[in-house]
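Peer 1: after the sequence you'll find the predicted model.
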Amino acid sequence: MIEGRGLTKIFSPTSTGKNRITAVDNVNIRIEAGETLTLVGESGCGKSTLSRLLLLLIPPTRGEIFFEGQALKGLKGKELHSIRKKIQIVPQQPESSLNPRWKIAHSICEPFRIHPDLLRGRQIEEELKRLIGLVGLEPEQAARYPHQLSGGELQRAVIARAIALEPAFLICDEPTSMLDVSTQASIIHLLKTLQQDLRCALLFITHDQGLAHAIGDRTAVMFAGQIVEEGQGVLDRPYHPFTRRITSISDSGSLHPSEPQGKKIPGSCVYYQFCPKKTEKCLYSPEMMEYEDRRVRCHNFSFA
Ligand SMILES: Nc1ncnc2c1ncn2[C@@H]1O[C@H](COP(=O)(O)OP(=O)(O)OP(=O)(O)O)[C@@H](O)[C@H]1O
């Protein structure tokens, strides 16, 4: 459905090209229709940059994106516009993605104004009613401004807008982290129901390992721009030392330093400075290794 191969994004904040930041580093990612991939990782590891690449908002420095088997490199104009409408996002902070001067209904209908060839006049009104009902909002709530709704209601409005064009790929970037526990549960339930109806591929970014485990068919763990481990049951049976650290499964009692040890060595494994099990081999960045449904980027992991 959607696939990124060798995706790399390097930011050069200064015009001299100094202090370059490799936010996403040679990532391979694939999500099938109807499947949920959860993406976990510490703040700053590159999750949002990866999602912006997959949303086609920023171009990769290297690598390619394929959508429904089609390479997107070099696509422009109408072709790109028609693929963009099939890829939507539910962001972490709904209020920042809604125009405060627009009524909720106007925001929900925004995709129909961007893609005017799809529906007109009365059809849009009918579709608005349907979308409002689908996400569990009341019609009078849709007639209000964003500041007149709760966080959960705003998130429902943003979800309605995101599904208006029946996306084939939906990215949810920590969509419930600002909500209370019971609202979180109802929004997650809504997203999963809608995903089943639409049969869309879902990339769900979260810091919450319990949630990642509960809703993901597979989980990908990111560290320093790389996916270091991916597969089913990753958080239950972790193999990579970083995944073991975040799931608090110790490596034979060995401690991971919380601060990097020594200087970063160019070309080494991204986890080198933190890894209690590093060996000489780790001075060279490992390839992703595959075993059954698991992919692990580590020279020293064992399936024990
Ligand atoms: N436009 C940009 N210019 C320069 N550096 C950037 C830019 N966007 C992101 N970065 C850097 O890239 C790295 C990855 O950032 P990103 O926002 O993708 O991380 P994240 O995992 O989504 O973090 P969080 O969970 O806190 O949102 C960070 O070091 C960040 O400072």
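Peer 2: That came in fine, so what should we check first? Numbers count the residues shown, from 1 in each chain.
Peer 1: tell me where the stretch 101-250 of the chain has helices.
Peer 2: 104-108, 110-114, 121-135, 139-142, 151-163, 181-198, 209-215, 241-246 (DSSP state H, counting those that start in this stretch).
Peer 1: quick one: low-confidence ranges for the protein?
Peer 2: Within the chain, the ranges that satisfy pLDDT under 70 run 15-17, 249-255, 302-304.
Peer 1: what residues does it put near the ligand?
Peer 2: Within the chain, the positions near the ligand by CB under 6 Å from any ligand atom are 11, 13, 21, 23, 41, 43-49. For the C-beta atoms, the positions are set from N, CA and C on the backbone; glycine is no exception.
Peer 1: quick check on those residues: which are buried?
Peer 2: Neighbour counting with 16 or more other CB atoms under 10 Å marks 23, 41, 45-49 as buried within the residues of the chain next to the ligand.
Peer 1: filter those residues down to the ones in strands?
Peer 2: Residues of those located in strands (DSSP state E): 23, 41.
Peer 1: sort out for me which of the buried ones among the residues of the chain next to the ligand are in helices.
Peer 2: 47-49 (DSSP state H).
Peer 1: what's the neighbour count on Q232?
Peer 2: Residues near Q232, counting by other CB atoms under 10 Å, number 13.
Peer 1: show the contacting residues for L7.
Peer 2: Each residue near L7 by CB atoms under 8 Å, 6 or more residues apart in numbering is listed here: 24, 26-29, 50, 53, 60, 62-65.
Peer 1: mind telling me what element it is part of?
Peer 2: strand 2-11 (DSSP states H and E).
Peer 1: if we go by neighbour counts, what in that strand is buried?
Peer 2: Buried, per 16+ other CB under 10 Å, within strand 2-11: 2-5, 7-9.
Peer 1: now those in CSV, please, with extra columns for distance to H81.
Peer 2: Shown next, in CSV, are those (distance: CB to CB, whole Å):
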residue, distance to H81
I2, 17
E3, 21
G4, 20
R5, 23
L7, 22
T8, 25
K9, 22
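Peer 1: between the residues you listed, which is nearest M288?
Peer 2: R5 (11.9 Å; CB to CB).
Peer 1: on the three-state scheme, the nearest residue to that closest one once chain neighbours are set aside is what?
Peer 2: Using CB to CB, 6 or more residues apart in numbering and skipping the chain neighbours, the partner closest in space to R5 is E64 (5.2 Å). For E64, the assignment made with DSSP: H, G, I helix; E, B strand; the rest coil gives strand.
Peer 1: now do the residue lying closest to T38 once chain neighbours are set aside against F204, distance only.
Peer 2: Once flanking residues are discounted, T38 sits nearest to G216: 3.3 Å by CB to CB, 6+ apart. Distance, G216 to F204, using CB to CB, to the nearest Å: 7 Å.
Peer 1: looking at these two, which is more packed in?
Peer 2: F204 (26 against 23).
Peer 1: so what's the more buried one up against?
Peer 2: 36-39, 172, 175, 191, 211-212, 215-216.
Peer 1: follow-up on the earlier one: let me know the closest of the ones in helices among the buried ones among the residues of the chain next to the ligand to S285.
Peer 2: Using CB to CB, these come closest to S285 at T49, 19.0 Å.
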